[in-house]
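Novice: What shape does this take:
(2 chains)
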Amino acid sequence: MRHSLISPRLKPVRNFISLIIVWEIVGRMDWIAGGALPGISEILIRLWIDRGDYPGHIGATVYASGLGFLIGNVLAIAAGIAFILSPTLLRLMRGVNIAIFALPPIAIAPILVLTLSGMAPRVTLAALGVYFVTMSATVIGLSQYDTRSADLVRAYGGGNWLILKLVRIRGAIPDILSGLRIAAPNAVLGAILAEFGGGGRWGLGTYLLGSLGRGDPARLWGIGLVATLIAGLSYAIFAVISTRISGSTRSVTLNTAIPSSQGENAYGRPIQALILCGTITLPFVLWWAFIKLTGVPDLIAKTPYGVFEYLFLKDTSVIARGKLMAALGQTLPIAAFGMIAGLAFAFLLAISSRLFPGFIKGFIPVALVTQTMPLVALTPLLVLILGRGYSVTLWITISVTFFPAFVLLVQGIQRVPQSVLDLPRAYGASAWTEMRIVSIPAALPYLFAATRLTVPRALLGVMIAEWLATGTGLGNLLNRSRGYLDYSMIWTVAAVSVLLSVAIYYLVLIVERRTLVRLGMQNVE
Amino acid sequence: MPRQPAGISLRAVGKTYRGRGKTVEALKDMNLECSPGSFTALIGPSGCGKSTAMRVALGLESFDSGEVLISGQTPAQATASGITGVAFQDAALLPWRSVAKNVALPLEVLGRDPSKYSVEIAQLIELVGLKGYENALPGELSGGMRQRVSIARSLITSPKVLFMDEPFGALDQIRRRQMNVELQRIWSETKSTALLVTHGIDEAIFLADQVVVMHADPGRVVDIIDVPFARPRHPDLFSNPEFHALTDRISMVLHEA
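Specialist: I've put the predicted structure just below:
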């Protein structure tokens, strides 16, 4: 019998060490883009030289993202529970929820800095970054519960509140933790974006901005690695808690009851139309209220009417619309392509997690390192390596859509109970057949959810790349408008990108409803 | 007003489902009288509405016409006052709760303090033969063991009215017979009114005072057959010629379409 030289447990370590060695050689030899990728030792040496700078910057970023994470998640979980108790509220708030998620942080960071003071813009942006992810994870977890257990509670006279308390909340914990896991790096990204766009002395974003002009790749990489470490650590904490808990939460048998679509037709047409009106107008009302409450001068803060006026009623409207349309023509195709590629990649990897569990285990850390790397810190590095062409935009877009989609899909597949997997196996099904019969259909609701989740991200990814690298499209328009102090255009771009996200979101939702109803599945909120 | 004794009463209950252009009469003019302390078995083919009848009696589903009284109360009042117990076809255990905590679940729903029932919980777990598994999670148990947990759970409130929806459907024949004997013993000790929904004719005859036979489409009662055997019934009964005669009779009623 042949023995492998290295035990399987040590394989990841070996892979990691070889990666470091390759990196070191490539870096030292300046093989990539003329020294854009420094050797790991060069980065570490730079880190040591800069060691005096880091504590203050790290402290500021961790403080802002931690506080934002806390506030955002408390609000998100409370909102998720409220939405489950009242489907009407969920529908009424859907526009606001999606708008919050689709707000390009890069566009509102300067606005927040102008309207709020001190740490508030960073905390707000971090909180905004986590809210949607955790809120939707909470709703997903609470809506996918075992109806048999709920029947049992009701058979003893228990009402909705007791079902929520005894069955649904505990059952939702794995989903909520998975939400927190994705949300944690988001908070760091939000805080850094706000630092990036908003002055202040401390913070990794500030540090990165100050170092951009120096042309010292080793320091940029150092900051990027530190930011990634913080984000990755926050992810890892929730990943550990999550694996501890999800084992005892999985149902032993699969519930075959088809959940009834509650509340969907509970009201007459007039009330439904009213709710729809509320859903659409509520985000605009909040937008308007925010401006009025903060008392920011009209010159800087544009109300919904201000944007409308700018686009349609002024002498310059034709020019403004022309600029906007040209930018959209550049941004949309590449966003769509990047999103589809990111989703396809995530789907393929997720369904193969049953086929090659070892590969997935090895892949997750790699995915984490690239994915928890805050986008803003990542972009300058990618630009150094890939140049300023379309490939940068595409890679950034793929990577921002891939990560959340992958986590969501793997989780969906993991929820398939063992007995259901045993059945095809009992008939001698190959891993592929088992996947085709069980894993892929089980993952379908999650694929739709992931698609809806990544629409705004794709758009945001493209815009960040355009802003920082390619000088095209909506992102560039935003950047230039900032330079010209054209606040109307900033608000317009933010509003248009949100509206676009929402429109595509609904398109996916319609396709999803039709498909899942036909398949007798429940859609994931 | 004097409280009526325990019992299940469905009078002229009707229920229809509407879906995709066609209406299904799940229950049509359904009558069921279970006198206090009696054991009734509800038997019929799949889709005859026997589970629906039970769910209506438990207040889990609404009905269109007729009257349902549990111990003289509406299903909602009866279940909330804690006089009912229920075991479903599927054990429906909460996967994150230990056996003992799953057994205690009805107490929590009813707002009682589970810590005051620790003796009863331990006794019931022993009664269903799961001593030593108090702290096991459902995922660590076999199907039969999970089902026995759900029987223990149905008894924790010392119910006056006990509902069982094919509680032994997933068990093997030997274990099923054992559980039938056990159930008879437990039931005779509790003196509750029991309603058992089942597919098994022998199980129905062995346990019940009256066997109610239902037919499907529309779901209705076609015959009520009294079981004359004296109690306590011994497992020998399964080989008794009179038992077989009764089995054949019910079988005939079941198969007349």
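Novice: mind checking the longest helix of chain A?
Specialist: With DSSP state H setting the assignment, residue counts place helix A:317-351 as the longest helix in chain A.
Novice: That helix - contacts with which helices or strands?
Specialist: Here helix A:317-351 touches helix A:390-414, helix A:440-465, helix A:473-483, helix A:487-519, going by 3 or more Cβ pairs under 8 Å, 6 or more residues apart in numbering or on different chains; DSSP states H and E. Using the backbone N, CA and C atoms, a C-beta is placed for each residue, glycine as well.
Novice: could you give the angle of the third one to helix A:487-519?
Specialist: In this case it means helix A:473-483. Here helix A:473-483 runs at an angle of 150 degrees relative to helix A:487-519 (axes from the mean of the first three to the mean of the last three Cα atoms, to 10 degrees).
Novice: Give me the buried positions along helix A:473-483.
Specialist: Within helix A:473-483, the residues that count as buried by 16 or more other Cβ atoms under 10 Å in any protein chain shown are A:G473, A:L474, A:G475, A:N476, A:L477, A:L478, A:N479, A:S481, A:R482.
Novice: The helix or strand harbouring A:A137 packs against which elements?
Specialist: Applying DSSP states H and E as the criterion places A:A137 in helix A:120-143. Using 3+ Cβ pairs under 8 Å, 6+ apart as the contact criterion, the elements in contact with helix A:120-143 are helix A:54-85, helix A:87-102, helix A:105-115, helix A:169-198, helix A:440-465.
Novice: what about stretch A:379-397, distance to the chain center?
Specialist: Offset of stretch A:379-397 from its chain centre (Cα atoms, centre = their mean, to the nearest Å): 19 Å.
Novice: swap that for stretch A:134-143, please
Specialist: The chain centroid and the centroid of stretch A:134-143 are separated by 15 Å, computed with Cα atoms, centre = their mean.
Novice: average pLDDT for that stretch?
Specialist: Mean pLDDT, computed over stretch A:134-143, is 85.
Novice: Would you map the strands across chain B?
Specialist: B:8-19, B:22-34, B:39-43, B:65-70, B:84-87, B:161-165, B:193-198, B:210-215, B:220-226 (DSSP state E).
Novice: Could you single out the most deeply buried of these?
Specialist: strand B:84-87 (a mean of 28; mean count of other Cβ atoms under 10 Å in any protein chain shown).
Novice: ok, that strand: who's next to it in the sheet?
Specialist: Neighbouring strands of strand B:84-87 in its sheet, by DSSP bridges, are strand B:161-165 (parallel).
Novice: Export only the CA atoms of the partner strand, formatted as PDB.
Specialist: The C-alpha coordinates for strand B:161-165 follow below in PDB (Å, rounded to 0.1, in the frame of the first residue of the first chain):
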ATOM      1  CA  VAL B 161     -59.400  14.000  25.400                       C
ATOM      2  CA  LEU B 162     -56.600  12.300  23.400                       C
ATOM      3  CA  PHE B 163     -56.300  12.700  19.700                       C
ATOM      4  CA  MET B 164     -54.000  10.400  17.700                       C
ATOM      5  CA  ASP B 165     -53.400  10.700  14.000                       C
END
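Novice: Identify all contacting residues around that strand.
Specialist: With contact meaning Cβ atoms under 8 Å, 6 or more residues apart in numbering or on different chains, strand B:161-165 is reached by A:155, B:6-8, B:51, B:54, B:57-58, B:70-71, B:78, B:83-89, B:154-155, B:187, B:190, B:192-197.
Novice: returning to that earlier point: need the strands of chain B in JSON lines (columns: mean pLDDT).
Specialist: As requested, these are exported to JSON lines (pLDDT from 0 to 100):
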{"stretch": "strand B:8-19", "mean pLDDT": "86"}
{"stretch": "strand B:22-34", "mean pLDDT": "86"}
{"stretch": "strand B:39-43", "mean pLDDT": "94"}
{"stretch": "strand B:65-70", "mean pLDDT": "90"}
{"stretch": "strand B:84-87", "mean pLDDT": "88"}
{"stretch": "strand B:161-165", "mean pLDDT": "91"}
{"stretch": "strand B:193-198", "mean pLDDT": "93"}
{"stretch": "strand B:210-215", "mean pLDDT": "93"}
{"stretch": "strand B:220-226", "mean pLDDT": "91"}
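Novice: what's the closest of those to A:T138?
Specialist: For A:T138, the closest of the strands of chain B is strand B:84-87, at 29.8 Å, according to Cβ to Cβ.
Novice: Dump the C-alpha coordinates for the closest one into PDB.
Specialist: Extracted in PDB, the C-alpha atoms of strand B:84-87 (Å, rounded to 0.1, in the frame of the first residue of the first chain):
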ATOM      1  CA  THR B  84     -56.600  17.800  25.000                       C
ATOM      2  CA  GLY B  85     -53.500  15.900  24.000                       C
ATOM      3  CA  VAL B  86     -52.400  15.200  20.500                       C
ATOM      4  CA  ALA B  87     -50.000  12.800  18.700                       C
END
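Novice: Most proximal residue of chain A with respect to chain B?
Specialist: The minimum distance from chain A to chain B, using Cβ to the nearest Cβ, falls at A:G157 (3.1 Å).
Novice: So which of the helices and strands packed on helix A:120-143 is the most surrounded?
Specialist: helix A:169-198 (a mean of 26).
Novice: separation between the residue nearest the centre of chain A and B:G111?
Specialist: Note on chain A: the residue nearest the mean C-alpha position is A:P404, at 5.7 Å, using Cα atoms, centre = their mean. Per Cβ to Cβ, to the nearest Å, A:P404 is found 41 Å from B:G111.
Novice: A:N186 too?
Specialist: Distance from A:N186 to B:G111, by Cβ to Cβ: 40 Å.
Novice: Likewise for A:T134?
Specialist: Look at A:T134 and B:G111: by Cβ to Cβ, they are 31 Å apart.
Novice: Equivalent analysis for A:F312, please.
Specialist: Going from A:F312 to B:G111 by Cβ to Cβ gives 60 Å.
Novice: Repeat that for A:R457.
Specialist: Noted for A:R457: a distance of 45 Å to B:G111, by Cβ to Cβ.
Novice: swap in A:I45?
Specialist: Taking Cβ to Cβ, one finds A:I45 at 66 Å from B:G111.
Novice: Please tell me how far A:P217 sits from A:V392.
Specialist: For A:P217, the distance to A:V392 - Cβ to Cβ - is 16 Å.
Novice: ok, now A:Y54?
Specialist: 28 Å.
Novice: low pLDDT regions in the stretch 351-500 of chain A?
Specialist: By pLDDT under 70, the low-scoring segments of the stretch 351-500 of chain A are A:354, A:359-377, A:418-419, A:421.
Novice: three-state assignment of A:P297?
Specialist: Of the three states, A:P297 takes coil under DSSP: H, G, I helix; E, B strand; the rest coil.
Novice: What is the burial count for it?
Specialist: Counted with other Cβ atoms under 10 Å in any protein chain shown, the neighbours of A:P297 add up to 9.
Novice: ok and the residue in chain B nearest chain A?
Specialist: Taking Cβ to the nearest Cβ, chain A has its nearest neighbour within chain B at B:A80, 3.1 Å off.
Novice: OK, contacts around that residue?
Specialist: Applying Cβ under 8 Å, 6+ apart to B:A80 gives the contacts A:Y156, A:G157, B:L110.
Novice: got the contact list for the helix or strand immediately after the helix holding A:A137 in the chain?
Specialist: Using DSSP H and E, the helix or strand that follows helix A:120-143 in sequence is helix A:147-155. Applying Cβ under 8 Å, 6+ apart, the external contacts of helix A:147-155 come out as A:162-163, A:166-168, A:255, A:257, A:259, B:58-60, B:79, B:84, B:86, B:88, B:90, B:92-94, B:105-106, B:109, B:163.
Novice: Can I get helix A:147-155 in CSV, CA atoms only?
Specialist: C-alpha atoms of helix A:147-155 as CSV (Å, rounded to 0.1, in the frame of the first residue of the first chain):
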residue,chain,number,x,y,z
THR,A,147,-45.6,23.6,9.8
ARG,A,148,-46.0,20.3,11.7
SER,A,149,-44.4,21.7,14.8
ALA,A,150,-46.5,24.8,14.4
ASP,A,151,-49.6,22.5,14.2
LEU,A,152,-48.6,21.0,17.5
VAL,A,153,-48.3,24.3,19.2
ARG,A,154,-51.7,25.3,17.8
ALA,A,155,-53.2,22.0,18.9
